[in-house]
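Visitor: What follows is a predicted protein model with its sequence.
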Amino acid sequence: MAKGGFRGGFPGGNQMNMIKQAQKMQKDIMKLQEEIESSRFEFTAGGGAVKAVAVGTKGIESIEIDPEVVDPEDVEMLQDLILAAVNGALKASEEKTNQSMAKLQGGMGFPGMF
């Protein structure tokens, strides 16, 4: 056989494997996005006085406030509790997204992709 010639296997076999891996990764990413988008992340502040629920699309779905913490003389405290609950729920959503994407990336061999 001539130098540099065909050595077994099919030409382009590695390319086909790469295409299959890319297709699998695309399906995995789409599945993960659906899971994240349907997730809910709850966080409370002030010992449960304020609860915020974020959705996977990084929006706030609801805020619940215990009427006992509503003090017209101290609106600033209520505002702080709401901010803490909202920021906590959004942070939980972000952390879950990052963890999920890191897991997915780990199996694909594409460092720094996410």
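Guide: Now that the structure is in, tell me what you want to look at.
Visitor: Which secondary structure element of the protein has the lowest mean pLDDT?
Guide: helix 13-37 (a mean of 86; mean pLDDT, DSSP states H and E).
Visitor: Tell me which other helices or strands it touches.
Guide: In terms of contacts (3 or more Cβ pairs under 8 Å, 6 or more residues apart in numbering; DSSP states H and E), helix 13-37 is packed against helix 75-106. Using the backbone N, CA and C atoms, a C-beta is placed for each residue, glycine as well.
Visitor: and the least confident helix or strand of the chain with helix 75-106, angle?
Guide: With axes from the mean of the first three to the mean of the last three Cα atoms, to 10 degrees as the basis, helix 13-37 and helix 75-106 are set at 160 degrees to each other.
Visitor: Buried residues in helix 13-37, which are they?
Guide: Residues 25, 29, 36 are the ones in helix 13-37 that count as buried (16 or more other Cβ atoms under 10 Å).
Visitor: following it, which helix or strand shows up next?
Guide: Counting by DSSP states H and E, the next helix or strand C-terminal to helix 13-37 is strand 40-45.
Visitor: Counting by contacts, list what that following strand packs against.
Guide: strand 50-55, helix 75-106.
Visitor: for the ones you listed, which one ends up most surrounded?
Guide: Of all the helices and strands packed on strand 40-45, strand 50-55 carries the top mean neighbour count, a mean of 22, counting by mean count of other Cβ atoms under 10 Å.
Visitor: Next, the angle from whichever helix or strand comes after it to helix 75-106.
Guide: Remark: after strand 50-55, the chain's next helix or strand is strand 60-65, criterion DSSP H and E. Per the same axes, to 10 degrees, the angle that strand 60-65 makes with helix 75-106 is 140 degrees.
Visitor: Would you agree Ile63 is in contact with Lys51?
Guide: Yes: with contact defined as Cβ atoms under 8 Å, Ile63 reaches Lys51; the gap is 7.2 Å.
Visitor: what is in contact with the two at once?
Guide: Ala85 (Cβ atoms under 8 Å, 6 or more residues apart in numbering).
Visitor: looking at the helices and strands packed on strand 40-45, which has the lowest confidence?
Guide: Ranked by mean pLDDT, the helices and strands packed on strand 40-45 end with helix 75-106 at the bottom, a mean of 88.
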